[in-house]
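S.K.: fold the following.
(chains A and B)
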Amino acid sequence: SQKIEQNSEALNIQEGKTATLTCNYTNYSPAYLQWYRQDPGRGPVFLLLIRENEKEKRKERLKVTFDTTLKQSLFHITASQPADSATYLCALDGGLDSGTYKYIFGTGTRLKVLA
Amino acid sequence: SAVISQKPSRDICQRGTSLTIQCQVDSQVTMMFWYRQQPGQSLTLIATANQGSEATYESGFVIDKFPISRPNLTFSTLTVSNMSPEDSSIYLCSVTDRGVSDYTFGSGTRLTVV
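M.R.: Got it, this is the predicted structure:
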């Protein structure tokens, strides 16, 4: 069955360093992959979308890579700040249904940036 | 992107009762979804709310337990029926446009069943 794996252990890093989060998947060939941020008590907030034919996508301090051979996406936050502390979820498309892609979410990785 | 108002934000309910959660969007949207997020777990899709017709449920979720309404393109409700402590979770409404697009989520309803 389709499976998405994100590191369940929290990632602690020093302010100013680059945080790298991993999303691995198996039994899957997604065409699209998204990353979301979720703060405690809030719904997820969309950050970036990357297509299978794109190797890398950037937005300000964020960078996402998508390696369909390794079946892995990496999410980088450069010059990290304490305000970046949150849980980050990856989501992969579960196929097209009625003209819309349904996404399947990983369990997320909690990032804590230490001042 | 759309702005979602989800109510209530939290509730504590007695087992055997039902709770209806409302999702109001500030613009017309094509697709609306209901998710459940149990503690430490990923978001699990419950169903797609279809305007003017019955919702489409994912495996493991049934209409009798989670009846959904979507009377128009800006509003939907999810009812959690005959609740048990296992239903304690966060329930989230989400919307997107047709095609490849990001999802916008409501702030969620934290439900505790005692």
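S.K.: nearest residue to the residue of chain B found nearest chain A other than its sequence neighbours?
M.R.: Proximity of chain B to chain A (CB to the nearest CB) peaks at residue B:105, 3.1 Å away. Every C-beta, even on glycine, is put in place using the N, C-alpha and C of the backbone. Spatial nearest neighbour of residue B:105, chain neighbours left out: residue A:43 (3.1 Å); criterion: CB to CB, 6 or more residues apart in numbering or on different chains.
S.K.: which SS state does that neighbour fall under?
M.R.: coil (DSSP: H, G, I helix; E, B strand; the rest coil).
S.K.: what pLDDT does it get?
M.R.: Predicted confidence (pLDDT) for residue A:43: 92.
S.K.: what is the burial count for it?
M.R.: Neighbour count of residue A:43, defined by other CB atoms under 10 Å in any protein chain shown: 22.
S.K.: now do it against residue A:1, distance only.
M.R.: Distance of residue A:43 to residue A:1, given as CB to CB, to the nearest Å: 26 Å.
S.K.: low-confidence ranges in the chain?
M.R.: The chain I'm using is chain A. A:96-100 (pLDDT under 70).
S.K.: hmm, no, I was thinking of chain B.
M.R.: B:98-100.
S.K.: who in it is up against chain A?
M.R.: Residues of chain B lying near chain A by CB under 8 Å from any CB of the partner chain: B:1, B:4, B:6, B:30-31, B:33, B:40-43, B:45, B:48, B:92, B:94, B:96-108, B:110.
S.K.: host element of the residue at minimal distance from the centre of chain B?
M.R.: Nearest to the mean C-alpha position of chain B, counting by CA atoms, centre = their mean, stands residue B:34 at 3.3 Å. Secondary structure from DSSP states H and E places residue B:34 in strand B:31-37.
S.K.: continuing past that strand, what's the next helix or strand?
M.R.: Remark: after strand B:31-37, the chain's next helix or strand is strand B:43-49, criterion DSSP H and E.
S.K.: that following strand vs strand B:31-37, what angle?
M.R.: 150 degrees (axes from the mean of the first three to the mean of the last three CA atoms, to 10 degrees).
S.K.: strand B:43-49: how far from the chain's middle?
M.R.: 7 Å (CA atoms, centre = their mean, to the nearest Å).
S.K.: so the residue of chain B closest to chain A sits against residue B:93, correct?
M.R.: Yes - look at residue B:105 against residue B:93 with CB atoms under 8 Å: they come within range, at 7.2 Å.
S.K.: need the residues touching each of these two.
M.R.: B:4, B:35 (CB atoms under 8 Å, 6 or more residues apart in numbering or on different chains).
S.K.: which of the two has more neighbours?
M.R.: residue B:93 (28 against 23).
S.K.: return the residues in contact with the more buried one.
M.R.: B:4, B:6, B:21, B:23, B:32-35, B:76, B:78, B:105-106.
S.K.: what bridges to it?
M.R.: residue B:34 (DSSP bridges).
S.K.: quick check: residues of chain A near chain B?
M.R.: A:4, A:8, A:32, A:34, A:36, A:41-46, A:49, A:51, A:89, A:91, A:93, A:97-108.
S.K.: those, buried ones only, as a PyMOL selection?
M.R.: Buried residues among those (16 or more other CB atoms under 10 Å in any protein chain shown), as a PyMOL selection:
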select buried, chain A and resi 4+32+34+36+43+44+45+46+49+89+91+93+100+101+102+103+104+105+106+107+108
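S.K.: shouldn't residue B:108 be in contact with residue B:37?
M.R.: Yes - between residue B:108 and residue B:37 there is a contact under CB under 8 Å: 7.3 Å.
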